[in-house]
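Trainee: Pasting the sequence and the predicted coordinates here, then a few questions.
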Amino acid sequence: MAKYGKWLTGGLGWAFFGPVGGILGFVLGSLIDSAEIHTSSGNIGTTRGDFAASLVILISAVMKADGKVVKAELDYVKTYFVQVFGEQKAKEAILLLREILKKDIPIHEVTYQIKNHLDYSSKLQLLHFLYGVANADEHIDIKELHLIEQIAYQLGVNTKDSDSIKSMFIANTDSSYKILEIERFATDDEVKKAYRKMAIKYHPDKVSYLGEDVQKAANEKFQKVNEAFEKIKKERAMI
């Protein structure tokens, strides 16, 4: 089971400590005798391991939001993990998740720690993952939605960015505009300016340091921006 250390490639920095580290310690102590977990001292920024730990713990909280975890939900999450992490890492992630699901998640303390250490681009990608998992069965339960909105707020994600990502999964008449963080009455020039701004904000290269798999998943967010822009262009017959 030493592969758990390898799944958190890049080592654990701040995530080895605090409430996040406490949860990981519970899981690793339950699953393995010794793990090749590398910790880093000092402020080295967001590592792949820090992001992965944050992701699995918050997914656990979202899955339990409606008071029950069923096999279908685990199957949906496994499929999602396979898409973004690959087959082998997905198996390891699911085993980690199953153990974390047994643990009560102190969501306020966990999000506070993540807020203070995870960089903003990683927070946006984390939020995108959470909505993706919640919507895996093409339905987001109201309790899941409220918890993700709470997590976004506690992570310090501003309202426009949070609404932009939410609109990628919950469609309404203004979804395309919300994704670009503008109002329907924006001028064509404002639409173009907003598109360029969001294309930079959500570009996959923003999270390249988290690994190729996360960068690949981030491309979905980037494509949603392009789709929103193309939809508005078509509606307005923009040149």
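Mentor: Now that the structure is in, tell me what you want to look at.
Trainee: Please determine how far residue 81 is located from residue 133.
Mentor: Distance of residue 81 to residue 133, given as CB to CB, to the nearest Å: 9 Å. Where you see a C-beta, it was placed from the backbone N, CA and C, and this is true even at glycine.
Trainee: Tell me where this protein has strands.
Mentor: Counting by DSSP state E, the chain has no strands to list.
Trainee: what's the nearest residue to residue 162 if we skip its chain neighbours?
Mentor: Excluding the flanking residues, the one nearest residue 162 by CB to CB, 6 or more residues apart in numbering is residue 152, at 4.2 Å.
Trainee: ok, which stretches of this protein are helices?
Mentor: For the chain, applying DSSP state H gives helices covering 3-7, 18-31, 48-63, 71-85, 87-100, 107-117, 120-134, 142-155, 159-166, 175-179, 188-201, 212-236.
Trainee: Could you check the angle the third one makes with helix 120-134?
Mentor: With axes from the mean of the first three to the mean of the last three CA atoms, to 10 degrees defining the directions, helix 48-63 sits at 40 degrees from helix 120-134.
Trainee: now helix 48-63: how far from the chain's centre is it?
Mentor: Taking CA atoms, centre = their mean, to the nearest Å, the mean C-alpha location of helix 48-63 is offset from the chain mean by 8 Å.
Trainee: then it to CSV, C-alphas only?
Mentor: Only the C-alpha atoms of helix 48-63 are listed here, as CSV (Å, rounded to 0.1, in the frame of the first residue of the first chain):
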residue,chain,number,x,y,z
ARG,A,48,0.4,18.3,-6.1
GLY,A,49,0.0,16.4,-2.8
ASP,A,50,-1.6,19.3,-1.1
PHE,A,51,-4.1,19.7,-3.9
ALA,A,52,-4.9,16.0,-4.0
ALA,A,53,-5.4,15.8,-0.2
SER,A,54,-7.7,18.8,-0.3
LEU,A,55,-9.7,17.4,-3.2
VAL,A,56,-10.4,14.0,-1.7
ILE,A,57,-11.3,15.3,1.7
LEU,A,58,-13.8,17.9,0.3
ILE,A,59,-15.3,15.4,-2.1
SER,A,60,-16.0,13.2,1.0
ALA,A,61,-17.8,16.1,2.7
VAL,A,62,-19.9,16.8,-0.4
MET,A,63,-20.8,13.2,-0.9
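Trainee: Now do it against helix 212-236: the angle between them, please.
Mentor: Put simply, helix 48-63 runs at 60 degrees to helix 212-236, going by the same axes, to 10 degrees.
Trainee: Output the contacting helices and strands for helix 48-63.
Mentor: When contacts are defined as 3 or more CB pairs under 8 Å, 6 or more residues apart in numbering; DSSP states H and E, helix 48-63 sits against helix 18-31, helix 71-85, helix 87-100, helix 107-117, helix 120-134, helix 142-155.
Trainee: List the buried residues in the third one.
Mentor: Looking back up the chat, that one is helix 87-100. Neighbour-count burial for helix 87-100, counted by 16 or more other CB atoms under 10 Å, picks out 89, 90, 91, 92, 93, 94, 95, 96, 97, 99, 100.
Trainee: swap in the last one?
Mentor: Of all the residues in helix 142-155, those buried under the rule 16+ other CB under 10 Å are 144, 145, 147, 148, 149, 151, 152, 154, 155.
Trainee: Read off the pLDDT value for the residue nearest the centre of the chain.
Mentor: Nearest to the geometric centre of the chain sits residue 126, at 2.0 Å (CA atoms, centre = their mean). pLDDT recorded at residue 126 is 93.
Trainee: likewise residue 26?
Mentor: Residue 26 is assigned 69 on the pLDDT scale.
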